[in-house]
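Undergrad: Give me a 3D structure for the following:
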Amino acid sequence: MSLRTLVSAQELAALRERGGLLVVDARFDLADAGKGEREHAAAHIPGAVYAHLDRDLSDLSKHARGRHPLPDDTAFSATLSHWGWTREQDVVIYDDANGALAAARLWWLLRLAGHERVAVLDGGLAAWRIAGLPLESGAVRCEPALAEVVLDRAHVVWFDELERRLAARDIVLLDARAAPRYRGEVEPLDPVAGHIPGALNRPYSANLDGAGCFKKPAELRHEFDALRKDKAAADIVHMCGSGVTACHNLLAMEHAGLTGSRMFAPSWSGWVSDATRPVERGDGAD
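TA: Now for the predicted structure:
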């Protein structure tokens, strides 16, 4: 099996039997920041540690970097140390939002840290339950290990580069938010509605089939090819509201064999932190 993008529930069960595996529960609810942690305590895949989006996968003390700024290397290293992570382990991450909150975010962070053998559970916790596989409750005992990682920020796009390259039209910016938010018809989380001028809309939900699993690689590649046109995968930049669900599009591209796309980490919430930046509403670019 490939442990670079997605694994099935059955594949995860086999990995657990083999050992040498770290399983991470990344469930999170934007409307109730404690819900995922409570649900983890009530029932989780056996041995799974818990990753909290706000505490473990973000640094909320940073300003003008969006609602979920990237953690510093030292803070992320401390989180990995607490979980007992080592570079020799395989890592599988799951959530209950088809990978969008916040399994794909942690997958991306680990890839930035140079960890290659990491995958998201396709279909999430629902797929594990449907397969009739076991759950446990209560606290998970971690065996701490010393982890020191450096996030490769060459794969992160910041404001200056984004503005420069959008003006040059040598990148494709894909916005993973739902279409009504992209068009500026509604905005439940951020102070300004709309999208970055020039961005195309690719809702992360379009990566999924009717069962809540990722579409086949060939189908995903066809869809992303239609958006990127003549641009290389490395010239695709992803964004969303705060740099979390956009990771789902990046994961989908990698699963489709389109490697090397990058993330505008501050995303919409970071963009609108400066009132002088332009905003577009409606369907946007064709």
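
Undergrad: Skip ahead from the helix or strand harbouring residue 180 and say which helix or strand is next.
TA: Residue 180 is located in helix 179-183, with elements delineated by DSSP states H and E. The C-terminal neighbour of helix 179-183 among helices and strands, as given by DSSP H and E, is strand 200-201.

Undergrad: Walk me through the domains of the protein.
TA: Residue ranges for the domains of the chain, per automatic domain parsing: 6-130, 153-271.

Undergrad: start to end distance for stretch 64-81?
TA: Across its full length, stretch 64-81 reaches 28 Å end to end, with C-alpha to C-alpha, to the nearest Å as the criterion.

Undergrad: what do you get for stretch 135-154?
TA: Counting by C-alpha to C-alpha, you get 39 Å between the two ends of stretch 135-154.

Undergrad: mind checking how far that stretch is from the chain centre?
TA: Centroid separation for stretch 135-154 versus its chain: 17 Å, with C-alpha atoms, centre = their mean, to the nearest Å.

Undergrad: Just the buried positions in it, please.
TA: Buried residues in stretch 135-154, defined by neighbour count with 16 or more other C-beta atoms under 10 Å: 140, 147, 149, 151. Backbone N, C-alpha and C define where each C-beta goes, glycine included.

Undergrad: contacting residues for the second one?
TA: Think residue 147. 77, 78, 80, 81, 85, 86 (C-beta atoms under 8 Å, 6 or more residues apart in numbering).

Undergrad: how does it look with 10 Å?
TA: Contacts of residue 147 were listed using C-beta atoms under 10 Å, 6 or more residues apart in numbering, and they are 76-87, 113.

Undergrad: tell me, how many neighbours does residue 274 end up with?
TA: One way to gauge burial is a neighbour count; for residue 274, by other C-beta atoms under 10 Å, it gives 9.

Undergrad: Helices along the stretch 101-250 of the chain, start to end?
TA: The residue ranges that make up the helices of the stretch 101-250 of the chain, judged by DSSP state H, counting those that start in this stretch, are 103-112, 124-130, 159-168, 179-183, 217-228, 246-255.

Undergrad: want to throw those into a markdown table with distance to residue 96, mean neighbour count and mean pLDDT?
TA: Below are these laid out as a markdown table (distance: least, C-beta to C-beta, whole Å; neighbours: other C-beta atoms under 10 Å; pLDDT from 0 to 100):
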| stretch | distance to residue 96 | mean neighbour count | mean pLDDT |
| --- | --- | --- | --- |
| helix 103-112 | 9 | 26 | 98 |
| helix 124-130 | 5 | 19 | 98 |
| helix 159-168 | 32 | 14 | 98 |
| helix 179-183 | 21 | 19 | 98 |
| helix 217-228 | 22 | 16 | 98 |
| helix 246-255 | 14 | 27 | 98 |
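
Undergrad: Can you give me the distance of the residue nearest to residue 220 when sequence neighbours are not counted to residue 103?
TA: Closest residue to residue 220 apart from its sequence neighbours, by C-beta to C-beta, 6 or more residues apart in numbering: residue 256 at 3.9 Å. Separation of residue 256 from residue 103 (C-beta to C-beta, to the nearest Å): 18 Å.

Undergrad: Residue 64 too?
TA: Between residue 64 and residue 103 the distance, using C-beta to C-beta, works out to 27 Å.

Undergrad: could I get the domains of the chain as JSON lines with distance to residue 281?
TA: As requested, these are arranged in JSON lines below (distance: least, C-beta to C-beta, whole Å):
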{"stretch": "domain 6-130", "distance to residue 281": "20"}
{"stretch": "domain 153-271", "distance to residue 281": "4"}
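
Undergrad: about what we covered before: switch the contacts of residue 147 over to TSV; also include secondary structure.
TA: Putting the contacts of residue 147 into TSV (DSSP: H, G, I helix; E, B strand; the rest coil) gives the following:
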residue	secondary structure
76	helix
77	helix
78	helix
79	helix
80	helix
81	helix
82	helix
83	helix
84	coil
85	coil
86	coil
87	coil
113	coil
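
Undergrad: Now do the residue nearest to residue 236 when sequence neighbours are not counted: how many residues are near it, please.
TA: For residue 236, the nearest residue in space outside its immediate sequence neighbours is residue 261; the separation is 4.0 Å by C-beta to C-beta, 6+ apart. Neighbouring residues of residue 261 were enumerated by other C-beta under 10 Å; the total is 24.

Undergrad: before we move on, the earlier item: which pLDDT value belongs to the residue nearest to residue 220?
TA: pLDDT, residue 256: 98.
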